[in-house]
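Participant: My questions are about this predicted structure, shown below with the sequence.
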Amino acid sequence: MLTDLSRRSALKATGLVAGASILPALPALAAPDTVAVAMDAIKKLTGGKEPVKGKIKLNLPQIAENGNTVPLGVTVDSPMTVDSHVEEITVFVTKNPLPIAIAFLFTPESGKAEASTHIRLAGTQDVIAVAKMSDGTFCIDTKNCKVTIGGCGG
Amino acid sequence: MLSRREFAQIAAATMGIASLPVGSTRALAQQKMTQADLLDFKSVGNVTLVHVTDIHGQLMPTYFREPSENYGVGADKGQPPHITGKDYLSHFGVKAGSPTAYALTCDGFEGLARTYGKIGGLDRIATVVKAIRAERGDKMVLLDGGDTLQGSWGSLQSKGQDMLDCMALLKPDAMTAHWEFTYGQDRVQEIVKNLAYPFLAMNVHDAQWGDPIFKPQVMLERGGVKIAVLGQAFPFCPIAHPRYMMPDWSFGIHEGEVQKQVDAARKAGAGLVVLLSHNGYDVDKKLASRIKGLDVVLTGHTHDSTPTVQMVGKTLMVASGSSGKFVSRLDLDVQNGEIKSFAYRLIPMFADVIAPDAEMAAKITQVRKPYVEKLNTVLGTTDSLLYRRGNFNGTMDDMICQALLEERDAEIALSPGFRWGTSLLPGQNITFDDLANETAITYPTSYRNTMSGSQLKDVLEDIADNLFNTDPYYQQGGDMVRVGGLGYTIDINQKMGSRISNMEILKTGKAIDPATNYSVAGWASVQKDVKGPAIWDVVSDHLKKHKTVKLAPNRSVKVVGA
């Protein structure tokens, strides 16, 4: 991992996941609309501001080799100065039981807004990374990752 | 490139020979063509690339029927290689009934097989490779596209050593791989260590840290030209095969890495950049269209063979078939980092016409010796033409599915859509050698379990999307899973989840119910700890009870939108 991920960011990530679990309970039998839950979670983070595309790049395999541990990388093009830096990158998942996979926190001392980890995907889905910049704006990137049953490869 | 002789003999080839016994083709074939015809080539330039790929453990000449169904979707619909039979003949201007038509298509296959005989044999390949090397000397590069070490009993038993010992005599300059990985990552490392030439795979990395596992490329110098050969292994190994066979390695297509390697090769002075690939045809076609500076793609995996070079922008694409049927020769005139002109021939290895190379023939006899008694065991005979290749059920798989249904007492049978597996003509014996040529894998266990109707549909939809996704980067290059006892309709142009309909139990005509459980027998599961007999034992047992294979036409799959 290139970024100096502090204990704080790890804790923050856990906190966010825990926070997500206090969302209103979903009807037990109907399939939960996890996409809507993820979209709500994004809105909550951005406070309704429209995130822009371009500055942030989410790297994810097109097809997962193992849905239980999918490599994920994210970078934001930022000078990482006191005046202009990335504060936080949150990764949202649209078909997992919980809408947030991980959040990374940055300070200017991070040097680069770049992080990688492995996440678990419950099935084929869109994964969305949203970065919060120090000027209060947000940027966004979406990638689809296919999780297949496997077998039958020629 | 058809010789005059070929044109002259076409009519004769298609007439009245179906009654001839198998094995009497030598005299007939030799009337139609000579070794000199097959080797005939007007050489060009300062570099000759020789490509073999997807030999699948086939040391001996075989019959291999090319597909009648090989559908393309999206932008690739109706484009080579997604044309078959008579359409293929007219697209490439090949005469029906000619040796070329026999080698490249299913059109008139059975009759032509009895005229022109078997194709392949590594001893015939050796003759051709040596002849080209004698002619071109230090201008020649020999490249092996992989899927070389798997597909026969001898290869399975020796973990590919039989093929390695034979291939060593050909002196390849590099190889890449696919099924080689199913011998496990330790065996692959051992193979690489002992290989006299580089094993190239720029797209295989440590799953945890991303470090490269193999050499990405090699720089060769031929005819005064620096040639960079980049290797790309099959990108979906841990998905298409049991992940536990390569637990620490990650694969994928990795466009960015390909471009990086091409740029590095150019920077190091390469005048010619060649991609030795096991991506599959459509994947390579897309990749070639998106990478700058790639001169030649030698494509493999999907077992396509085209008699001419296909251009993708400025990139030359060569597809050299499978099972040892062909050797590709591509002559290039390379000047100042550019291909000025080229000449190409896909040379079919007509076994009755090309003299076997003595050194290789002796090595083949030697490596087959430990197994030869078992290999020659006759299990039965066939009244039907048996073949596998094609997008949907082949007759060989019908036989395997029948064996699974009866021997494992199941309602539904599933058999993997591999593209390898040789063909047998009506009247031929089925030997253990033949059966192993369809089944020799390292995860051969036949399972029996229950699946709900909705699970079955999910499996069919998932595999159909690996084949018919309009983005080639999602195509894994196998054919559709074969089914026994089950019928369905598939609309290949739909999206995943909406392609499969009208699933029914063939015997009763009853629709598959999503919530009902069915007994399913199959083999080649990617799961761990599967219990059951090996598939070759299941089929052997079945053939003991039903000595003669006679198959009714299979109409269980209805294809829409092809």
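Facilitator: Sure, I can see it. Numbers count the residues shown, from 1 in each chain, chains lettered A, B, ... in the order given.

Participant: all contacts plus neighbour counts: C-alpha atoms, from now on.
Facilitator: Will do.

Participant: residues contacting B:Leu272?
Facilitator: B:225-228, B:295, B:334, B:337-339 (CA atoms under 8 Å, 6 or more residues apart in numbering or on different chains).

Participant: Specify which member of those residues is nearest to chain A.
Facilitator: Checking those against chain A with CA to the nearest CA, the nearest one is B:Asp295 at 26.4 Å.

Participant: Now that that closest one has come up, it's in contact with B:Thr315, right?
Facilitator: Yes: at 4.8 Å, B:Asp295 counts as touching B:Thr315 under the criterion of CA atoms under 8 Å.

Participant: Show the buried residues in the contacts of B:Leu272.
Facilitator: Applying a neighbour-count criterion of 16 or more other CA atoms under 10 Å in any protein chain shown, the buried members of the contacts of B:Leu272 are B:225-228, B:295, B:334, B:337, B:339.

Participant: For the stretch 1-150 of chain B, which segments count as strands?
Facilitator: B:47-52, B:61-62, B:119-120, B:140-144 (DSSP state E, counting those that start in this stretch).

Participant: CSV for these, including mean neighbour count?
Facilitator: Formatted as CSV, the strands of the stretch 1-150 of chain B follow (neighbours: other CA atoms under 10 Å in any protein chain shown):
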stretch, mean neighbour count
strand B:47-52, 25
strand B:61-62, 22
strand B:119-120, 26
strand B:140-144, 23
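
Participant: List the buried residues of stretch B:244-256.
Facilitator: Neighbour counts using 16+ other CA under 10 Å place B:245-246, B:249-253 of stretch B:244-256 among the buried residues.

Participant: Out of these, which are close to chain A?
Facilitator: For chain A, the contacts drawn from the buried residues of stretch B:244-256 by CA under 8 Å from any CA of the partner chain are B:250, B:252.

Participant: So for B:Val274, what's the pLDDT?
Facilitator: At B:Val274, the model reports a pLDDT of 98.

Participant: That one touches B:Gln232, doesn't it?
Facilitator: No: between B:Val274 and B:Gln232 there is no contact, the gap being 10.8 Å when judged by CA under 8 Å.

Participant: In chain B, which residue sits nearest chain A?
Facilitator: Residue of chain B nearest chain A, by CA to the nearest CA: B:Gly478 (3.5 Å).

Participant: where's stretch B:440-456 relative to the chain centroid, distance-wise?
Facilitator: Put simply, stretch B:440-456 sits 23 Å off its chain's centre (CA atoms, centre = their mean, to the nearest Å).

Participant: Any idea how far apart the tips of that stretch sit?
Facilitator: Stretch B:440-456 has an end-to-end distance of 25 Å (CA to CA, to the nearest Å).

Participant: what sits up against it?
Facilitator: Residues external to stretch B:440-456 that are found in contact with it (CA under 8 Å, 6+ apart): B:150-153, B:156, B:182-183, B:242, B:408, B:410, B:512-526, B:530-536, B:538.

Participant: so which of those also contact chain A?
Facilitator: Filtering the contacts of stretch B:440-456 for proximity to chain A by CA under 8 Å from any CA leaves B:242, B:524-526.

Participant: would CSV of the residues you listed with secondary structure be doable?
Facilitator: What follows is these, written out as CSV (DSSP: H, G, I helix; E, B strand; the rest coil):
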residue, secondary structure
B:Pro242, coil
B:Ala524, coil
B:Ser525, coil
B:Val526, coil
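
Participant: so which pair among those residues is furthest apart in space?
Facilitator: B:Pro242 and B:Ala524 (9.0 Å; CA to CA).

Participant: tell me the contacts of B:Ala177?
Facilitator: Contacts of B:Ala177 were listed using CA under 8 Å, 6+ apart, and they are B:145-148, B:199, B:201, B:232-234, B:278.

Participant: Give me the three-state assignment for it.
Facilitator: Using three-state DSSP, the structure places B:Ala177 in coil.

Participant: Need the nearest residue in space to it, chain neighbours excluded.
Facilitator: Among residues not flanking B:Ala177 along the chain, B:Gly146 sits closest, at 4.1 Å (CA to CA, 6 or more residues apart in numbering or on different chains).

Participant: And B:Leu149, by the same measure?
Facilitator: Counting by CA to CA, 6+ apart, B:Leu149 lies nearest to B:Gly160, which is 4.4 Å off, once chain neighbours are set aside.

Participant: if we can go back for a sec, now render the contacts of B:Ala177 as CSV, adding neighbour count.
Facilitator: Shown next, in CSV, are those (neighbours: other CA under 10 Å):
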residue, neighbour count
B:Gly145, 31
B:Gly146, 28
B:Asp147, 27
B:Thr148, 29
B:Phe199, 27
B:Ala201, 27
B:Gln232, 31
B:Ala233, 31
B:Phe234, 32
B:His278, 28
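
Participant: Chain neighbours aside, what residue packs nearest to B:Val559?
Facilitator: Nearest residue to B:Val559 in three dimensions, chain neighbours excluded: B:Ile490, at 5.1 Å (CA to CA, 6+ apart).

Participant: Using just helix, strand and coil, how would you label the one you found?
Facilitator: Classification of B:Ile490 using three-state DSSP returns strand.

Participant: What's the local residue count around it?
Facilitator: Neighbour count of B:Ile490, defined by other CA atoms under 10 Å in any protein chain shown: 21.

Participant: I'd guessed it sits against B:Val557; true?
Facilitator: Yes: B:Ile490 is within contact range of B:Val557, at 7.3 Å (criterion: CA under 8 Å).

Participant: Give the buried residues for stretch B:125-145.
Facilitator: By neighbour count on 16+ other CA under 10 Å, the buried set for stretch B:125-145 is B:125-130, B:132-133, B:136, B:139-145.

Participant: quick one: which of these is nearest A:Pro51?
Facilitator: Set against A:Pro51, the nearest of the buried residues of stretch B:125-145 by CA to CA is B:Gly145 (45.7 Å).

Participant: Do you have the strands of chain A handy? List them.
Facilitator: For chain A, applying DSSP state E gives strands covering A:52-53, A:56-59, A:70-76, A:86-93, A:100-105, A:113-119, A:125-133, A:138-145.

Participant: How many residues are close by the residue lying closest to A:Leu121 once chain neighbours are set aside?
Facilitator: What sits nearest to A:Leu121 in space, not counting adjacent residues and going by CA to CA, 6+ apart, is A:Gly67, at 5.1 Å. Residues lying near A:Gly67 (other CA under 10 Å) number 20.

Participant: Also A:Thr75?
Facilitator: A count of nearby residues for A:Thr75, using other CA under 10 Å, gives 18.

Participant: Setting aside sequence neighbours, what's the nearest residue to it?
Facilitator: Nearest residue to A:Thr75, sequence neighbours excluded (CA to CA, 6+ apart): A:Glu114, at 4.3 Å.

Participant: got a list of what the residue nearest to A:Leu121 touches?
Facilitator: A:120-123, A:147.

Participant: Give the full set of residues in contact with the most centrally placed residue in chain A.
Facilitator: In chain A, the residue lying closest to the centroid (CA atoms, centre = their mean) is A:Val91, at 0.5 Å. By CA under 8 Å, 6+ apart, A:Val91 lies in contact with A:100-103, A:127-130.

Participant: and chain B, which of those reach it?
Facilitator: Among the contacts of A:Val91, no residue is within reach of chain B (CA under 8 Å from any CA).

Participant: my guess is B:Thr84 meets B:Gly72, correct?
Facilitator: No: B:Thr84 lies out of contact with B:Gly72 (CA under 8 Å); the separation is 10.9 Å.

Participant: Can you tell me how far the residue nearest the centre of chain B is from B:Glu66?
Facilitator: The centre of chain B sits closest to B:His303, judged by CA atoms, centre = their mean, with a distance of 3.7 Å. According to CA to CA, B:His303 stands 9 Å off from B:Glu66.

Participant: what does B:Leu346 give?
Facilitator: 15 Å.

Participant: can you check B:Leu104 too?
Facilitator: Here the distance between B:Leu104 and B:Glu66 works out to 6 Å (CA to CA).
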